[in-house]
Each structure stands twice: as structure tokens, then as C-alpha cells.
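> just a sequence and a predicted model for now, questions to come.
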Amino acid sequence: MVLRSVIRNFVRLESSSGILLLIAGLIALVLSNSSFAGVFDHILHLKLYFGTNLPLFYKSIQHWINDGLMVIFFFVVGLELKREFLEGELSMPSQAILPVIAAVGGMAVPAIFYLLFNFNNPETFQGWAIPSATDIAFSLGVLSLLGKKVPISLKIFLMALAIIDDLGAIIIIALFYSSNLEIFSLLVVLFILFFLYLCNRRNLQNIWIYILLGFFLWIFIQNAGIHATISGVLLAIFIPHKKTKQGSLLTCAENKLHPWVAYLIMPLFALTNAGVYLGDVSLASLSNPVPLGIMTGLFFGKQIGVFFTTFLLIKMGYARLPSGSNWIQMYGIAMLAGIGFTMAMFINFLAFDTDIYINQAKIAILIASFTSAVLGYILLNFKSSRN
């Protein structure tokens, strides 16, 4: 089937991207703990501007990646979400209910774990969303190491769960990590969205029209006090998916941009954001509220949230296990959902503006994600070997 072939290609692409993410993250860690740490940090904070030195166009290299290139990442995520809801695994309620409810549980329970340690601290309270999202590239990358031992239905389930996680993270960023809204710019944003709606209704197939409107959307979204990456998701919503002889504009854009996101943008994000000095790491530092909340949230919260919501839904008769899988394998998938690298790192920078909390969160994300990946792999491999 064409749809199954598309899904298989998607899984293969994300899996190989996970390897690049790991390499980029390791390089960032090595550089941040070597004699080149000062030079590396200096390069990340070099200011670049394009045509003008206005604050919007005068950012450090790290900010251009986080507020510029990551907009393209979120745009592709938005395209994937729209396609999944229109024709993919999320297009029918009977198909969507299991990963949707599992994703909701997998976001809520980690947040509760985090808040148990940080509820009374206004400085760290904002980090509650850090352990909520699953990294699709890393999680599928670990599954790819198991090859055909894991049924494709479980890979599709994990992919759908991670995509819904991304949607939840996007909504969280829009609602909780935007501030000081500027009314005039917000009105301009609504005006641009109306034009995008008209373009979609007329099924305009010229991508440059959407790019131009998306550029102005990016400008005024930031001026309005909303994080820049939301512009990528909003633009994706209005890209038409009506079939033509050349295929839909949405599919064409997704196929062309996906390799750039998987092999360039996400590794660059990891390279510029995963670096943290490990010399101060100790058991005492890991027992602080921020790392404790993130580690327990990602490792224990994800497992509990994903597995038990899935268990209850299936036992109540509203859904069934993915074909060819069993409960032990489902628990292994719940473990892999605790890999929360890219989106967790991204929310970390939005939640905190103090280096000590940012670095504590980075270390906690790395430890919890690594532990979830290793134990999830061992459990899935052990069960598959017994079969």
C-alpha cells in the first residue's frame, strides 16, 4: 500500500536522523567539557544580522537556529500533523484513540511528577512542560536497531504518539510560554492568517505565496509576543492538501523539507543546545528539584502515563493492542517514550532564563533519555529474542 510505504520511508528517515542527533549531541558535550569550551561558547553567541540591525534580525547564531531554523522544523511537524489527521493513522477515531489517549497520559503524568518537586518554587515552576514530549527521531532510532523484531504496528503507534506529543508541546508553547502580547501585531497576524485561509480555499499551488506570507507571519508573531516557532505550525495548517497531477502542495513541501530538517536542522539544534559542563555534576546536584522533577517525569512519568492509559483503554474495550504486539512490548514502547531530547531541550530554553537551571535541566534530560533508551531497548530485545 502507498500509505504503508510512506510510513516506512518516514520511519527510516527519522531513525537515521536519530543517529546524527546523537553524534551532534555528543560533539556538543565534548566541546563544552574541553579546552575549546570558551571558543565554542563564543561562536554560539556571535551576532549575525541580515540587512538591518533591528533586534528581530540581529541575533546570535544560537538564537538564529532556535528562532529561525526551528521554525522550519515546526513547519514540517505541522505538515505531518495535518497529513496524519487527514489521511494517516489519526484520520479515523478508531485508529487515533489509542495513541491520542496514550500521548495525553504521557504528557500529563510527567508534568505532575515535575510539579511534585517544584510546586512551591516560582523560579522553577515554569519547567513543568520539559518532561512532557517524546523525541520522535531518537525513539524511532532505537526501534530501528531492533529491525524486524518489533512489529511495524508498534512503530506506527510510537510515531503517532510522538507526533501528538509534538502537537501538545506546540499548544503548550503557545499558551504558556508567550507573554506581553502586543495587540496591533496580533491583529496583523490575524489579517495574514485570513489571507492564508483564502489561498487555501482557492487551492493556490504557488509555494512562494505561502513563503512570503509565512515570512511576515514570522515577523509579526514575534512582535506580538508569541514565540517565533508557532508561525511555522500556523503556516502549515493552511498549506493545501488537495491532490493534483504533481501531488498535493503539502506532500511536496513535506517531502522536500523533511531531509533538511532530519539531517541538518535537528543536528544543528542538538549541536548548539546540548552542550553542558559536567564538572559540577554530583549526586547532590542531581537531587535538586529541577533535575529530580525532569528525571522522574521523563523516566517514570512517561512509562506510567503511556502504559497505564493504554492498559485502561484496552481493558475497557475502547481500543486494542497494535497487531502482532503484546503487553511487554507495549511497556518497552512506553519506556522509549521517555526519550525527550529535542522538544525537551527547546522548552528548557523557554522555561528558564538562568544558566544554573538550564544546565541542570540539560543534564537531567540527557540522563533520563539515555536511561529510557537503554532499558527500553533491552526490554524489547529480550522479549523479541524469547519469541
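Received, thanks.
> who touches residue 231 in this structure?
Contacts for residue 231 (Cβ atoms under 8 Å, 6 or more residues apart in numbering) come out as 71, 214, 217-218, 221-222. Every residue, glycine included, has its C-beta placed from N, CA and C.
> quick one: low-confidence parts of the stretch 101-250 of the chain?
Applying pLDDT under 70 to the stretch 101-250 of the chain flags residues 147, 179-180.
> and with 90 instead?
For the stretch 101-250 of the chain, the stretches flagged by pLDDT under 90 are 120-123, 132-186, 203-206, 221-234, 237, 241-248.
> how far off centre is stretch 333-350?
Centre-to-centre, stretch 333-350 and its host chain are 7 Å apart (Cα atoms, centre = their mean, to the nearest Å).
> mind saving the C-alpha coords of it as CSV?
Below are the C-alpha coordinates for stretch 333-350, written out as CSV (Å, rounded to 0.1, in the frame of the first residue of the first chain):
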residue,chain,number,x,y,z
ILE,A,333,7.5,1.3,23.9
ALA,A,334,6.3,3.3,27.0
MET,A,335,9.9,3.3,28.2
LEU,A,336,11.1,4.6,24.8
ALA,A,337,8.6,7.4,25.1
GLY,A,338,10.8,8.7,27.9
ILE,A,339,13.4,9.8,25.4
GLY,A,340,12.7,13.5,25.3
PHE,A,341,15.6,15.3,23.7
THR,A,342,14.8,17.9,21.1
MET,A,343,11.5,19.3,22.3
ALA,A,344,12.5,19.0,26.0
MET,A,345,15.7,21.0,25.3
PHE,A,346,13.7,23.5,23.3
ILE,A,347,11.1,24.1,26.1
ASN,A,348,14.0,24.2,28.6
PHE,A,349,15.3,27.4,27.0
LEU,A,350,11.8,28.9,27.0
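> which one of the contacts of residue 231 sits in the busiest neighbourhood?
Neighbour counts for the contacts of residue 231 peak at residue 221, which has 27 neighbours (criterion: other Cβ atoms under 10 Å).
> any idea which element it lies in?
Under the criterion of DSSP states H and E, residue 221 resides in helix 207-223.
> cool, residue 276 as well?
Applying DSSP H and E, one finds residue 276 in no helix or strand.
> with residue 293 instead?
Assigned by DSSP H and E, residue 293 falls in helix 289-296.
> need the contact partners of that helix.
Taking Cβ under 8 Å, 6+ apart as the rule, helix 289-296 contacts 113-118, 121, 124, 127-128, 130-131, 285-286, 344, 357, 360-361, 363-365, 367-368.
> and for stretch 312-330?
For stretch 312-330, using Cβ under 8 Å, 6+ apart, the contacting residues are 94, 97-98, 101-102, 150-151, 153-154, 156-157, 307, 310-311, 379-380, 383-384.
> at 6 Å what do you get?
Applying Cβ atoms under 6 Å, 6 or more residues apart in numbering, the external contacts of stretch 312-330 come out as 97-98, 101, 151, 153-154, 157, 383.
> try stretch 124-131
Residues contacting stretch 124-131 (Cβ under 6 Å, 6+ apart): 110-111, 114-115, 118, 172, 289-290, 294, 297-298, 344, 347-348, 351, 361.
> same deal with stretch 257-272?
13, 17, 20-21, 24-25, 28, 44, 62, 65, 69, 72-73, 76.
> since that was my last question, I'll sign off now.
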